[in-house]
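**Student:** coords please:
(chains A and B)
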There are 2 protein chains.
Amino acid sequence: MKFLEKLLAASKKNNSLLCVGLDPEPVRFPPSYLGKAAEQSVVRFCHDIIEATAPYVCAFKPNIAFFEVLGARGMDVFQEVIAAIPEYIPVIVDAKRGDISNSAGNYACALFHAYGCDAVTVNPYMGHDSVAPFLAYHDKGVFLLCRTSNPGARDFQDLKVQSEDGQVRPLYQVVAQQVQTWNAADNCGLVVGATYPEELSTIRELCPTLPILIPGVGAQGGDLEAAVAAGVDAQGERAIISVSRAILYAGDGEDYAITAGKEAAALRNRINRGRIHDASGVNPTSGIA
Amino acid sequence: MKFLEKLLAASKKNNSLLCVGLDPEPVRFPPSYLGKAAEQSVVRFCHDIIEATAPYVCAFKPNIAFFEVLGARGMDVFQEVIAAIPEYIPVIVDAKRGDISNSAGNYACALFHAYGCDAVTVNPYMGHDSVAPFLAYHDKGVFLLCRTSNPGARDFQDLKVQSEDGQVRPLYQVVAQQVQTWNAADNCGLVVGATYPEELSTIRELCPTLPILIPGVGAQGGDLEAAVAAGVDAQGERAIISVSRAILYAGDGEDYAITAGKEAAALRNRINRGRIHDASGVNPTSGIA
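**Tutor:** The predicted structure follows:
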């Protein structure tokens, strides 16, 4: 099954555009974890979060940096964590890789083949031939960084670029347009921060059918409703609203998993209220509890 | 000791600007490796290459993608390989990471602290706050991708950008100028491909004192002499000419390590012939065998 089909199927089954970002930080775990090995803690914490939130998500997005920081054992932990994700829910590994063909091929092989992830985030700065080895996996998704959610995004992504047609556009729009031309196998997506709903809206116009991964809601301050309205396609789909800390650490006691599940359900429902009703009469809000 | 001091000391000791890139590809190993586990093969191959080439280099540059492709055991292999590098020679891990502060901090901690690398390559696309967690390690080096050696580099890095001062410059020059302003702790560097000696020359003018990591000689077709002439600073230093495949796979028989050592020595000497004599009378070519 192609990534996009898997995403849309999970989104439909759970009536959700919510993606839970798995960014485990042992220092923020509940007190009962004190004294345990970080590796064990991360596996248990993530398993509990996955179990509690899975019914409310369209995808999980583990950020591989939080596993690499555990050292050589971190990749075992990563494997154990993603093995707990239900088979029907896609795993988007947030790795932000980007290198020339030879090395990019190794990254793609590691993430798609060795670890079995369904999609990956990739940095576009090195251009098409650095992305092609990822795109060669037609059944996998490749989300290119476009306009990111952090303050430093403006350093380069907002620079005004002269196009050959005489137009002047911000760099992130040129990236969006290029990615659209790389989408021959229908496996491209974009990463656009929720902190910039106007930019998100422009990108959605430029790329009406690409799935857009939207981090930056919650801890980073993005406006959820504005992000949903700007990010969804004409059918109210293909926006993936990624929330990490605001769900993972919603509670700080032993009931953290229950609290995370409740928070995920509430966010799923808030997102759905912002989705439009499509022409076929499907009401994306029907699943609200 | 700061990274730059360590680099210059190793460069002086071995009279070299050559960096050997450790990109182990088991399918290209000599026939005696057939049937062995990839992990064992990679460790032995890299150890032999390091031993044979160490006297002729200023740095080693393992590309972490070639270790990640081995799966969860790949990071053990990576640790074993870098442990074999003599203490006085800096390890520049080619990881091309780049993420927001929280995740970038984890990448920096993993590469600098858990694995003990001396420097890292970082992608600038996400801007200053994505690079700051790496720069916070004042004793470590941070090489920002600027103008890379691959054909796709032109997709974005060459785009003409309007600056606030009304000037129009290619994006890679804006990146070089920005990185210069990030260099408060004297720990920044740039990555510029040898395949573009004119661009390299312009970047050297913009950033007269930054160390420049220069891949792309050899298998990628860059002209060695032109790259050296364009890349060195006014003292004939601070260019790091990185060569991988042309050294690692110079021989394909059981004498591959001896052949690699000879090739490294020859390249070191060719590079030195291209370095200028500085005003103090130091002759960088004195070490030519």
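**Student:** host element of the residue of chain A most remote from its centre?
**Tutor:** Here chain A reaches farthest from its C-alpha mean at residue A:166, the gap being 33.9 Å by C-alpha atoms, centre = their mean. Residue A:166 belongs to no helix or strand when assigned by DSSP states H and E.
**Student:** Ramachandran coordinates for it?
**Tutor:** Main-chain torsions, residue A:166, degrees, to the nearest 10: phi 90, psi -10.
**Student:** Okay, strands next: where are they in the stretch 1-150 of chain A?
**Tutor:** Listed in chain order, the strands found in the stretch 1-150 of chain A under DSSP state E, counting those that start in this stretch are A:18-22, A:59-62, A:92-97, A:119-122, A:141-147.
**Student:** any idea of the mean pLDDT in the last one?
**Tutor:** The predicted model gives strand A:141-147 an average pLDDT of 98.
**Student:** Check the third one too.
**Tutor:** Regarding strand A:92-97, the rounded mean pLDDT is 98.
**Student:** Mind exporting the C-alpha coordinates of that strand to CSV?
**Tutor:** C-alpha atoms of strand A:92-97 as CSV (Å, rounded to 0.1, in the frame of the first residue of the first chain):
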residue,chain,number,x,y,z
ILE,A,92,6.6,9.3,10.0
VAL,A,93,10.2,9.3,11.2
ASP,A,94,11.3,12.9,11.8
ALA,A,95,14.9,12.6,10.8
LYS,A,96,15.4,15.7,8.6
ARG,A,97,18.1,13.9,6.6
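**Student:** can you tell if it touches chain B?
**Tutor:** Yes: residues of strand A:92-97 are located near chain B by C-beta under 8 Å from any C-beta of the partner chain, namely A:94, A:96-97. Using the backbone N, CA and C atoms, a C-beta is placed for each residue, glycine as well.
**Student:** picking up where we left off before, mind putting the strands of the stretch 1-150 of chain A in TSV, mean neighbour count included?
**Tutor:** Below are those laid out as TSV (neighbours: other C-beta atoms under 10 Å in any protein chain shown):
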stretch	mean neighbour count
strand A:18-22	26
strand A:59-62	27
strand A:92-97	26
strand A:119-122	28
strand A:141-147	27
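**Student:** Figure out which of these is closest to residue B:243.
**Tutor:** Among the strands of the stretch 1-150 of chain A, strand A:92-97 comes nearest to residue B:243, with 23.1 Å by C-beta to C-beta.
**Student:** and the closest one with strand B:92-97, angle?
**Tutor:** If you take axes from the mean of the first three to the mean of the last three C-alpha atoms, to 10 degrees, strand A:92-97 sits at 130 degrees to strand B:92-97.
**Student:** and strand A:92-97, what other elements does it pack with?
**Tutor:** In this structure, strand A:92-97 packs against strand A:59-62, helix A:101-108, strand A:119-122, strand A:141-147, with contacts taken as 3 or more C-beta pairs under 8 Å, 6 or more residues apart in numbering or on different chains; DSSP states H and E.
**Student:** Which single residue in the stretch 151-289 of chain A comes nearest to chain B?
**Tutor:** residue A:152 (2.6 Å; C-beta to the nearest C-beta).
**Student:** Specify which member of the residues of strand A:92-97 next to chain B is nearest to chain B.
**Tutor:** Looking across the residues of strand A:92-97 next to chain B and measuring by C-beta to the nearest C-beta, the closest to chain B is residue A:96, at 5.2 Å.
**Student:** can you list the weak-confidence ranges in the stretch 101-250 of chain A?
**Tutor:** The stretch 101-250 of chain A contains residues with pLDDT under 70 at A:219-220.
**Student:** 90 instead?
**Tutor:** The stretch 101-250 of chain A contains residues with pLDDT under 90 at A:101, A:149, A:162-167, A:195-196, A:216-223.
**Student:** who touches residue A:246 in this structure?
**Tutor:** Contacts of residue A:246 were listed using C-beta atoms under 8 Å, 6 or more residues apart in numbering or on different chains, and they are A:217-219, A:263, A:267.
**Student:** coming back round to it: for the residues of strand A:92-97 next to chain B, which one is nearest residue A:10?
**Tutor:** Nearest to residue A:10 among those, with distances taken as C-beta to C-beta, is residue A:94, at 17.4 Å.
**Student:** Without its sequence neighbours, what residue ends up closest to that closest one?
**Tutor:** Ranked by C-beta to C-beta, 6 or more residues apart in numbering or on different chains and with sequence neighbours excluded, the top spatial neighbour of residue A:94 is residue A:63, at 4.2 Å.
**Student:** quick revisit: thought the residue of the stretch 151-289 of chain A closest to chain B was touching residue B:126?
**Tutor:** Yes: at 6.0 Å, residue A:152 counts as touching residue B:126 under the criterion of C-beta atoms under 8 Å.
**Student:** what about those two, which has more around it?
**Tutor:** Legend: neighbour count by other C-beta atoms under 10 Å in any protein chain shown for residue A:152 and residue B:126, higher for residue B:126 (26 against 19).
**Student:** so who does the more buried one touch?
**Tutor:** Taking C-beta under 8 Å, 6+ apart, one finds A:123, A:145, A:148, A:150, A:152-153, A:157, B:98-100 in contact with residue B:126.
**Student:** which of these count as buried?
**Tutor:** A:123, A:145, A:148, A:150, A:152-153, A:157, B:98-100 (16 or more other C-beta atoms under 10 Å in any protein chain shown).
**Student:** Neighbours of residue A:76, how many?
**Tutor:** Using other C-beta under 10 Å, residue A:76 is surrounded by 17 other residues.
**Student:** Just give the nearest non-adjacent residue to it, would you?
**Tutor:** Counting by C-beta to C-beta, 6+ apart, residue B:72 is the residue found nearest to residue A:76 once chain neighbours are left out, at 4.9 Å.
**Student:** tell me the pLDDT at the one you found?
**Tutor:** Predicted confidence (pLDDT) for residue B:72: 91.
**Student:** export the contacts of residue B:126 to a markdown table and tack on distance to residue A:1?
**Tutor:** Formatted as a markdown table, the contacts of residue B:126 follow (distance: C-beta to C-beta, whole Å):
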| residue | distance to residue A:1 |
| --- | --- |
| A:123 | 27 |
| A:145 | 25 |
| A:148 | 29 |
| A:150 | 33 |
| A:152 | 37 |
| A:153 | 33 |
| A:157 | 33 |
| B:98 | 30 |
| B:99 | 29 |
| B:100 | 31 |
